[in-house]
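Trainee: Any chance you can model this:
(2 chains)
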Number of protein chains: 2
Amino acid sequence: MVVECSTDEIAAAVRDYDGVTRKRAIGEIINSLRIVTPNVPVSFGDDAALIQNGDTGLLLAADGIWSRLLDADPYWAGFCAVLVNVHDIAAMGGIPLAVVDIMSVKDAVVCHEVLRGMYEASAKFCVPVVGGHLHPDAEMNVVDVAILGTVNPADAIYSHTAQVGNRVVAAIDLHGRIHPSCAMNWDSATLRTAEEVRAQINVMHTLGERHLVTGGKDISNPGVIGTLGMLLETSRKGAEVCLDDIPRPDLDELGITFEHWVRMYPGMGFICSVPVESVDTVIGLFTGVGMAAADIGVVTDSQKLIIRHGDDESTVFDLKKQGIMGIPMVD
Amino acid sequence: MVVECSTDEIAAAVRDYDGVTRKRAIGEIINSLRIVTPNVPVSFGDDAALIQNGDTGLLLAADGIWSRLLDADPYWAGFCAVLVNVHDIAAMGGIPLAVVDIMSVKDAVVCHEVLRGMYEASAKFCVPVVGGHLHPDAEMNVVDVAILGTVNPADAIYSHTAQVGNRVVAAIDLHGRIHPSCAMNWDSATLRTAEEVRAQINVMHTLGERHLVTGGKDISNPGVIGTLGMLLETSRKGAEVCLDDIPRPDLDELGITFEHWVRMYPGMGFICSVPVESVDTVIGLFTGVGMAAADIGVVTDSQKLIIRHGDDESTVFDLKKQGIMGIPMVD
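Mentor: Sure thing, here's the model as predicted:
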């Protein structure tokens, strides 16, 4: 049996993981900044903001790289800076167009490596870096990227629209490795060809166009369960998840525990809420591009994320009591 | 006489100002990142990248706030983070749509003040903050903003298209103050109403639509002469500028020197290359929104930026020998 510890232990490991807890300051920031504009139907809480420009939907997002990763491996940090932004657009069902980078640089060698990683991801995903800003005299190294994409507004995939009764589908590219510089990163993208990663990214666009999902997110630092929690928080829903069904590589061979795996940033992973009748099609599209995909549970109205393993069951998040991001809702 | 020191002294003051010298690392970064994509006709070296999306021109830019400013006044730094990005879009003749912010936060009080400033600028210019990224556990405070805008590609204003024989028009809102927290910042935007600043920003859009200028930039940290130098570098041109013609407030009353003034970030200022026959119209449009505008010189083919005062003359930049940004050109 792969899941060796109790659901309580896994729930606590996810809940207390700093990949999750560091999302908590987001709500306060949103409260401070939100102004209502009619051409921005979706902004905070989703992976990208949707800006309506005539008939076109424009997607704008920004993501930064955790300094922990930058210290461990600046090349990989640069690669990820582009990767996570491409995922933000893909998660919305969009097509990424271009990125800008903003770097604070203390150390020229680090800077060079970041740029090398950024360039390779940019070329691999065919998303050009078109500008940016440089702080040449910083006290620390920081790398941030913002991205522009497009989507047909009618086909966009959101985080706030999961429906009760939907199945939860998790898709992860298991053809990868624990990144040698960062034990919490599962890296598949550097091992795949450009054609393979572009096909994987494009699946979300297809899911949007064919209206096969009601909601979706890319799996980011909070890991598969933490990211599902964020989807549920934004949708004001709950879910019941069967841990045994979560796609995973051979953990024994890798020498990591299940609770380690579910907290990992998977490099190429998505979590979607899917109407029952579309589950097979969605799973088929992901497996068609070499990703492992599975129905791992159901969306409920409880606003609790509950994990199950055999007869064991625990609540990871009670989102009515405490949100992960604490995003204030506007109705 | 307002200009009291020699042109040599002013040339050196501009050339050696760190607002100018810190632009030098840009070229190396561009060399590392550029990939050629047919839908991005303009990127590095301009105030924003132009991405062709069907018939629509999308503008994407990013700008960060100098830590010096953030330390001095986090509210003003937050305000400026939005302001400078709005200027990047305006400088291209575009319409700003939305921004995303990326913050590294060490100090909650600083964060709160940055957000307050960002919110007020966002509301004043009617450009919503639609998302972003937060590093909650940083060693230093950093605030960066990226912006999305649109422009009709046929009406876009570039930095690389100044023509020999054009007049150089500088426009600055002199209705302002030396910012109390930062002696190198001229602040007009916080003193003007929302209607006034929006009308000022919109002049560049009008100039683009009416094809009245051949090139333009917003005047940023390098000040009026330094920014003109960047325009000339990108256009591979030179200019001769008459210092007496540069718009200025009453410097004696303010207690600052002319060489201080020309290095200031003017808060609302643009520099344009203008065909002779359009100069009066361009100046009229700027003065119509309360900005001081003047013909300060001529674009030449020398690739030298020369300043004149009476019989005194000095070369500020010999751009053939050393660029300000060192941006590699692709022909």
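Trainee: Could you pick out the residues of the stretch 151-300 of chain A near chain B for me?
Mentor: Proximity of the stretch 151-300 of chain A to chain B, by CB under 8 Å from any CB of the partner chain, involves no residues. From N, CA and C alone the C-beta is placed, and that goes for glycine too.
Trainee: In the stretch 151-300 of chain A, mark out all the helices, start to finish.
Mentor: All helices of the stretch 151-300 of chain A, identified by DSSP state H, counting those that start in this stretch, fall at A:194-209, A:223-235, A:251-254, A:258-263, A:279-287.
Trainee: Identify, out of those, the most deeply packed stretch.
Mentor: helix A:223-235 (a mean of 27; mean count of other CB atoms under 10 Å in any protein chain shown).
Trainee: buried residues in stretch A:96-106?
Mentor: Across stretch A:96-106, burial judged by 16 or more other CB atoms under 10 Å in any protein chain shown covers A:Pro96, A:Leu97, A:Ala98, A:Val99, A:Val100, A:Asp101, A:Ile102, A:Met103, A:Ser104, A:Val105.
Trainee: give me the low-pLDDT residue ranges for the stretch 201-331 of chain A?
Mentor: Within the stretch 201-331 of chain A, the ranges that satisfy pLDDT under 70 run A:326-331.
Trainee: the domain parsing of chain A - what is it?
Mentor: A:7-23+A:158-318, A:47-153 (automatic domain parsing).
Trainee: okay, those in TSV with distance to B:Pro128 next?
Mentor: Formatted as TSV, these follow (distance: least, CB to CB, whole Å):
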stretch	distance to B:Pro128
domain A:7-23+A:158-318	17
domain A:47-153	8
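Trainee: With B:Leu243 as the reference, name the closest of these.
Mentor: Smallest distance to B:Leu243 across those (CB to CB): 28.8 Å, for domain A:47-153.
Trainee: now, which of the buried residues of stretch A:96-106 sits nearest A:Leu134?
Mentor: Of the buried residues of stretch A:96-106, the one sitting nearest to A:Leu134 (CB to CB) turns out to be A:Met103, at 5.5 Å.
Trainee: is chain B contacted by the one helix or strand the closest one maps to?
Mentor: Using DSSP states H and E, A:Met103 falls within strand A:95-104. Yes. Residues of strand A:95-104 contacting chain B under CB under 8 Å from any CB: A:Leu97, A:Ala98, A:Val100, A:Asp101, A:Ile102, A:Met103, A:Ser104.
Trainee: Please name whichever of those residues scores lowest on pLDDT.
Mentor: The lowest pLDDT within the residues of strand A:95-104 next to chain B belongs to A:Ser104, with 82.
Trainee: how close does the nearest residue to that residue once chain neighbours are set aside get to B:Ala138?
Mentor: With sequence-adjacent residues excluded and distances taken as CB to CB, 6 or more residues apart in numbering or on different chains, A:Ser104 is closest to A:Ala138, at 3.5 Å. Using CB to CB, to the nearest Å, A:Ala138 is found at 11 Å from B:Ala138.
Trainee: same thing with A:Asp173?
Mentor: Note on A:Asp173: its distance to B:Ala138, by CB to CB, is 31 Å.
Trainee: Between these two, which has more neighbouring residues?
Mentor: Between A:Asp173 and B:Ala138, A:Asp173 has the larger neighbour count (other CB atoms under 10 Å in any protein chain shown), namely 27 against 18.
Trainee: residues touching that one, list them.
Mentor: Contact analysis of A:Asp173 by CB atoms under 8 Å, 6 or more residues apart in numbering or on different chains lists A:Ser188, A:Ala189, A:Arg192, A:Gln200, A:Pro266, A:Gly267, A:Met268, A:Gly269, A:Gly290, A:Met291, A:Ala292.
Trainee: which among the residues you listed gets closest to chain B?
Mentor: Closest to chain B out of the contacts of A:Asp173 is A:Ala189 (17.0 Å), distances taken as CB to the nearest CB.
Trainee: residues in contact with that closest one?
Mentor: Residues near A:Ala189 by CB under 8 Å, 6+ apart: A:Phe79, A:Leu83, A:Ala121, A:Lys124, A:Asp173, A:Val197, A:Gly267, A:Met268.
Trainee: Give me the pLDDT for it.
Mentor: pLDDT, A:Ala189: 96.
Trainee: cool, and the one 5 residues further on?
Mentor: Here the pLDDT value assigned to A:Ala194 is 97.
Trainee: and the residue lying closest to it once chain neighbours are set aside, what element?
Mentor: With sequence-adjacent residues excluded and distances taken as CB to CB, 6+ apart, A:Ala194 is closest to A:Lys124, at 4.8 Å. Per DSSP H and E, A:Lys124 falls inside helix A:108-125.
Trainee: elements contacting that helix?
Mentor: For helix A:108-125, the elements it packs on are helix A:74-91, strand A:95-104, strand A:129-135, strand A:142-151, helix A:194-209, helix B:26-33, judged by 3 or more CB pairs under 8 Å, 6 or more residues apart in numbering or on different chains; DSSP states H and E.
Trainee: moving C-terminal of the last one, what's the next helix or strand?
Mentor: Proceeding C-terminally, helix B:26-33 gives way to strand B:49-53 as the next helix or strand, assigned by DSSP H and E.
Trainee: okay, the angle between that following strand and strand A:129-135?
Mentor: 160 degrees (axes from the mean of the first three to the mean of the last three CA atoms, to 10 degrees).
Trainee: Quick check: next helix or strand after strand B:49-53?
Mentor: Criterion used, DSSP H and E; the element after strand B:49-53 is strand B:56-64.
Trainee: what lines up beside that next one in the sheet?
Mentor: strand B:49-53 (antiparallel), strand B:142-151 (antiparallel) (DSSP bridges).
Trainee: I'd like those as CSV, with mean neighbour count and mean pLDDT appended.
Mentor: Output for those, formatted as CSV (neighbours: other CB atoms under 10 Å in any protein chain shown; pLDDT from 0 to 100):
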stretch, mean neighbour count, mean pLDDT
strand B:49-53, 22, 94
strand B:142-151, 28, 94
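Trainee: Select, out of those, the one closest to B:Leu60.
Mentor: strand B:49-53 (5.1 Å).
Trainee: So which residues make contact with that closest one?
Mentor: By CB under 8 Å, 6+ apart, the surrounding residues in contact with strand B:49-53 are A:56, A:97-98, A:100, A:130-131, A:148, A:150, B:39-43, B:57-61, B:92, B:151, B:153, B:156.
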